[in-house]
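1. Sequence unavailable; structure follows:
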């Protein structure tokens, strides 16, 4: 911003302004919106603004509306605010102190055992495990490696950039390091080829974050798997239950009985849950016809 304001950089000829993960950006702070509007005011008056994201909640849509021309288009690929149907969603009821053993059980069952000296270890399909705290990312990765015989890396925002890149590169290139334990740092902006499984060791606090996390798998028409641990003692998980059930109905999958019973106890029916996942108010175009539109 400083370079633009002092005239070092002139953006007057810029004709495309792109915001990736737009919902997260425009919901960040009021200052960020001020900066965005300043940039747009100094670009070519005919510039086009493009926003990309897997989710757009009501607040993000309202903010986006203020940044776009009145005749803007929404182009949808699949359903807005919902994961793709190529991902199979599985929810397991498990208390916090039992999670690590359940995680090891799932990963060992999906992998192939091999002997390393006098120890049995496991080579598992490429898997990302999401946790909610930086401390947990290290703790879970260490437990998988030492207790489960599953070589795992961890990644979180406290790590220097070089160490985060080292962990990610090892996960992507080393066939013997197929598990990466991460905070939400990995939930957006990463395309991980052939990712077999996403596991939510900790559920996120909102359904939009869930959509982004599981969106790491099931990409480009491939099948994906998402397993989430639901802690019945967690008020955050319980608050998310209704949206989880509604999301599963929306992608034509049956939620587990324990979640259905929990939601029914809150006097919510299937129609109410489906209504939680409405489309944007503006009209939309399918992908094929959108390319033929003159924007």
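-> Alright, I've got the coordinates. Please read all numbers here as calculations on a predicted model, not as lab measurements.

2. Could you identify the helix or strand that succeeds whichever strand or helix holds residue 238?
-> Using DSSP states H and E, residue 238 maps to helix 235-250. As assigned by DSSP H and E, the chain's next helix or strand after helix 235-250 is helix 257-264.

3. Next, report how far that following helix is displaced from the centre of its chain.
-> Its chain's C-alpha centre and that of helix 257-264 lie 24 Å apart, by C-alpha atoms, centre = their mean, to the nearest Å.

4. Please apply the same query to stretch 14-26.
-> 18 Å.

5. what's the angle between the helix holding residue 238 and helix 257-264?
-> 100 degrees (axes from the mean of the first three to the mean of the last three C-alpha atoms, to 10 degrees).

6. Helix 235-250 - contacts with which helices or strands?
-> Helix 235-250 makes packing contacts with strand 87-93, helix 207-214, strand 224-230, helix 257-264, helix 270-275 when contacts are defined by 3 or more C-beta pairs under 8 Å, 6 or more residues apart in numbering; DSSP states H and E. No exception for glycine: its C-beta is placed from N, CA and C like everyone else's.

7. what sits against residue 268?
-> 242, 245 (C-beta atoms under 8 Å, 6 or more residues apart in numbering).

8. er, residue 175 actually
-> residue 123.

9. In a helix, residue 39, correct?
-> Yes: looking at residue 39 with DSSP: H, G, I helix; E, B strand; the rest coil, it is inside a helix.

10. how many neighbours does residue 62 have?
-> For residue 62, the neighbour count with other C-beta atoms under 10 Å is 12.

11. in what helix or strand does it lie?
-> helix 58-67.

12. how about the strands in the stretch 1-150 of the chain?
-> Taking DSSP state E, counting those that start in this stretch as the criterion, the stretch 1-150 of the chain carries its strands at 16-20, 48-52, 74-75, 87-93, 112-116, 119-123, 127-130.

13. Parallel or antiparallel, list what pairs with the third one.
-> Yep, that's strand 74-75 we're talking about. Sheet pairing of strand 74-75 (DSSP bridges) gives strand 284-285 (parallel).

14. One more: the second one?
-> Within its sheet, strand 48-52 is paired with strand 16-20 (parallel), according to DSSP bridges.

15. mind listing what's buried in the strand it pairs with?
-> By 16 or more other C-beta atoms under 10 Å, the buried positions in strand 16-20 come out as 17, 19.

16. and what of stretch 63-78?
-> Applying a neighbour-count criterion of 16+ other C-beta under 10 Å, the buried positions in stretch 63-78 are 63, 64, 67, 68, 74.

17. how far is that stretch from where the chain is centred?
-> Worked out by C-alpha atoms, centre = their mean, stretch 63-78 lies 21 Å from the chain centre.

18. likewise stretch 41-49?
-> Counting by C-alpha atoms, centre = their mean, stretch 41-49 comes out at 30 Å from the chain centroid.

19. At the geometric centre of this protein, which residue do we find?
-> residue 212 (1.8 Å; C-alpha atoms, centre = their mean).

20. show me the contacts for the residue lying closest to it once chain neighbours are set aside.
-> The shortest distance from residue 212 to any non-neighbouring residue, by C-beta to C-beta, 6 or more residues apart in numbering, is to residue 187 (4.5 Å). Counting by C-beta under 8 Å, 6+ apart, residue 187 touches 130, 204, 209, 212, 213, 216.
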